[in-house]
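>>> Here you go, sequence then predicted model.
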There are 2 protein chains.
Amino acid sequence: MKKPLILVTNDDGFTAPGIKALIDVVGEIGELLIVAPDKPQSGMGHAITVNAPLRSTDIDYFGKHKAYYCSGTPVDCVKLGMYLLKDRTPDLIVSGVNHGSNVSTNVLYSGTMSAAVEGALEGVPSIGFSLCDYDWNADFTVAQHYIKSIVKKAIENPMGEGVCLNVNIPKLPLNEIKGVEVCRQARAFWDDTFDEREDPLGKKYYWLTGSFENHEEGDDADMTVLDKGFVTIVPIQFDMTAHKSIQTIKNWKL
Amino acid sequence: MKKPLILVTNDDGFTAPGIKALIDVVGEIGELLIVAPDKPQSGMGHAITVNAPLRSTDIDYFGKHKAYYCSGTPVDCVKLGMYLLKDRTPDLIVSGVNHGSNVSTNVLYSGTMSAAVEGALEGVPSIGFSLCDYDWNADFTVAQHYIKSIVKKAIENPMGEGVCLNVNIPKLPLNEIKGVEVCRQARAFWDDTFDEREDPLGKKYYWLTGSFENHEEGDDADMTVLDKGFVTIVPIQFDMTAHKSIQTIKNWKL
């Protein structure tokens, strides 16, 4: 049987241990093309590079696997990867493993997840993986265990047209993880603030900071389930239409 | 009656004629706080600045209206604007007028629309306006006509919780516009390619290019309706869960 073709990217940059951990797993399953940012691209959301060209170079960084770094965003990396494959279409796109959670509405801010959403837009089943540990030297062993089973299932089974998966893995030892739950995106939001400071010349600058607050009352949303010790999977699609509001706005009689 | 408080931003930068055209209209309706990028931020999607602080300075650029420019993305501008307002919450956030269309799935790539989505995430009714004319010196008169009526309706009527509007205005004289239609987001996608070039040192670089292709068969989606000469309004929400796929993925039995 021919090995599946898997396009790999991330948002922490090609040198991050998270993408190495992902490659170690998917490299056993499929033929890889790796196109990853040349620098950290956290928080880049679905940004693309429109006012500048991209630089990209093939690198000998991941052993036998064909790999490029790219000067652009995670979404740029997916687009460039699809281009570099020419007439071939990947069977799967995987992004991550992100160093830190991408639960709930963080799908919108996350470069890791935006790469997966771009995959869905391009008609390729895609998965973004995040480990709830921001440490550069995080232990990805438990994440790898779940990545292996999820990727295998994703290759064997249809995900649905225009769908990608948002997988978050708790920072827990394997024997403390309660299982895998498929959930919906939690209603949770950043309670932002800015830390105002003065530079040595007396000019102000602002650091974005804040805490991510769960506003869910139900117990079936990803953030709540993750906090209980489950691996969460949210299927994600890109139709952002508020279908229920179409009639509301029609009633404005514009 | 107290004037509504309106937060204004865009993605083409504070010097773009599009935001000036927007301010000319909403400045007659409400009290404004303008926080706009200090440079073009097209294609920045829902990116936020996490690895660097923001710079922001109050500027005397829009006459009587309180205004700041900001070194960040459109979403950063919304977050900073909310912070600068302290205990006050805006009645409305408006973004644009974008120089160019933001129809269909461009909501994901567009800084203009991501600012509006961020407004929805923050619980504020929000609208992104785009004129289908990429020209810096585009004529915004017709756009202003529709902005005025839409903003007035949005202040008088509830939009729905967590909803923002994606408004696209065709490049047509007023008497050729067929009306205003509330639609859903079209299934339309970028057919990307890259223009490969060599720099003077012989090194490769890649320009992202391509065409935006409508894959819709129905006639009630925004791109199709816009092409017929209507102003289109798509209500947008931020729950990206593919609810119909939850059972599909549960059946994987992970």
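Nice, I can see it.

>>> Let's verify residue A:28: helix, strand, or coil?
The three-state label for residue A:28, taken from DSSP: H, G, I helix; E, B strand; the rest coil, comes out as helix.

>>> Chain neighbours aside, what residue packs nearest to it?
Counting by Cβ to Cβ, 6 or more residues apart in numbering or on different chains, residue A:28 lies nearest to residue A:148, which is 7.9 Å off, once chain neighbours are set aside. Every C-beta, even on glycine, is put in place using the N, C-alpha and C of the backbone.

>>> With residue A:209 instead?
With Cβ to Cβ, 6+ apart as the criterion, residue A:209 has its nearest non-adjacent residue at 5.3 Å, and that residue is residue A:195.

>>> That neighbour against residue A:205, yeah?
No. Residue A:195 is beyond contact range of residue A:205, at 9.2 Å (criterion: Cβ atoms under 8 Å).

>>> what about the two, which has more around it?
residue A:205 (16 against 11; other Cβ atoms under 10 Å in any protein chain shown).

>>> The more buried one and residue B:54 touch, don't they?
Yes. With contact defined as Cβ under 8 Å, residue A:205 counts as touching residue B:54 (6.6 Å).

>>> Which residue ranges of chain A form strands?
Read by DSSP state E, chain A holds these strands, from start to end of the chain: A:5-9, A:31-37, A:56-59, A:66-70, A:92-99, A:126-131, A:164-169, A:179-182, A:188-198, A:204-214, A:230-236.

>>> Dump these into a markdown table; add mean pLDDT and distance to residue B:235 as well.
Shown next, in a markdown table, are those (pLDDT from 0 to 100; distance: least, Cβ to Cβ, whole Å):
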| stretch | mean pLDDT | distance to residue B:235 |
| --- | --- | --- |
| strand A:5-9 | 98 | 32 |
| strand A:31-37 | 98 | 33 |
| strand A:56-59 | 96 | 38 |
| strand A:66-70 | 98 | 35 |
| strand A:92-99 | 98 | 29 |
| strand A:126-131 | 98 | 26 |
| strand A:164-169 | 98 | 23 |
| strand A:179-182 | 98 | 27 |
| strand A:188-198 | 96 | 19 |
| strand A:204-214 | 96 | 25 |
| strand A:230-236 | 98 | 19 |
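
>>> Which one, of the ones you listed, ends up nearest to residue B:161?
Counting by Cβ to Cβ, residue B:161 lies closest to strand A:188-198 out of the strands of chain A; the figure is 12.3 Å.

>>> circling back: specify the beta-bridge partners of the residue nearest to residue A:209.
Residues in a beta bridge with residue A:195, per DSSP bridges, are residue A:207.

>>> OK, contacts around it?
Counting by Cβ atoms under 8 Å, 6 or more residues apart in numbering or on different chains, residue A:195 makes contact with A:206, A:207, A:209.

>>> next one: residue A:245
Each residue near residue A:245 by Cβ under 8 Å, 6+ apart is listed here: B:159, B:160, B:163, B:235, B:237.

>>> The second one: how many residues sit nearby?
This points to residue B:160. By other Cβ under 10 Å, 16 other residues sit near residue B:160.

>>> Touching, it and residue B:235? I think so.
Yes. In this structure residue B:160 lies within contact range of residue B:235 using Cβ under 8 Å: 6.9 Å.

>>> Can you give me the end-to-end span of stretch A:224-240?
Between the start and the finish of stretch A:224-240 there is a gap of 23 Å, counting by Cα to Cα, to the nearest Å.

>>> how far is that stretch from where the chain is centred?
Here the centre of stretch A:224-240 is set off from its chain's centre by 12 Å, with Cα atoms, centre = their mean, to the nearest Å.

>>> for stretch A:229-246, same thing?
In terms of Cα atoms, centre = their mean, the centre of stretch A:229-246 is found 15 Å from the chain centre.

>>> For it, measure first residue to last.
The separation between the terminal residues of stretch A:229-246, taken as Cα to Cα, is 38 Å.

>>> what comes up buried for that stretch?
If you call a residue buried by 16 or more other Cβ atoms under 10 Å in any protein chain shown, then stretch A:229-246 has these buried ones: A:230-242, A:245-246.

>>> What of stretch A:1-18?
Of the residues in stretch A:1-18, those with enough neighbours to count as buried (16+ other Cβ under 10 Å) are A:4-14, A:16-18.

>>> Show me the subset of those that also lies near chain B.
When Cβ under 8 Å from any Cβ of the partner chain is taken as the criterion, no member of the buried residues of stretch A:1-18 contacts chain B.

>>> Farthest-apart pair in these, please.
Pairwise over the buried residues of stretch A:1-18, using Cβ to Cβ, the maximum falls at A:4 and A:13, 25.2 Å.

>>> ok, now which ones touch the nearest residue to residue A:36 once chain neighbours are set aside?
Of all residues beyond its chain neighbours, the one nearest residue A:36 is residue A:14 (3.8 Å), with distances taken as Cβ to Cβ, 6+ apart. Under the criterion of Cβ under 8 Å, 6+ apart, the contact partners of residue A:14 comprise A:34, A:36, A:37, A:38, A:59, A:61, A:67, A:69.

>>> For the last one, which non-adjacent residue is closest in space?
Nearest-residue entry for residue A:69: residue A:38, 4.1 Å, with adjacent residues in sequence omitted and distances by Cβ to Cβ, 6+ apart.

>>> Pull up the gap between the one you found and chain B, please.
Note on residue A:38: its distance to chain B, by Cβ to the nearest Cβ, to the nearest Å, is 13 Å.

>>> wait, that residue sits on residue A:74?
No. Look at residue A:38 against residue A:74 with Cβ under 8 Å: they stay out of range, at 11.8 Å.

>>> Of these two, which one has the most company?
When residue A:38 and residue A:74 are compared on other Cβ under 10 Å, the one with more neighbours turns out to be residue A:74, at 35 against 18.

>>> wait, that one sits on residue A:12?
No. With contact taken as Cβ under 8 Å, residue A:74 and residue A:12 are classed as non-touching, separated by 9.5 Å.

>>> okay, and the common contacts of those two?
With contacts taken as Cβ under 8 Å, 6+ apart, residue A:74 and residue A:12 have A:37, A:41 as neighbours in common.

>>> shaky segments in the stretch 51-200 of chain A?
Counting by pLDDT under 70, not a single residue of the stretch 51-200 of chain A qualifies.
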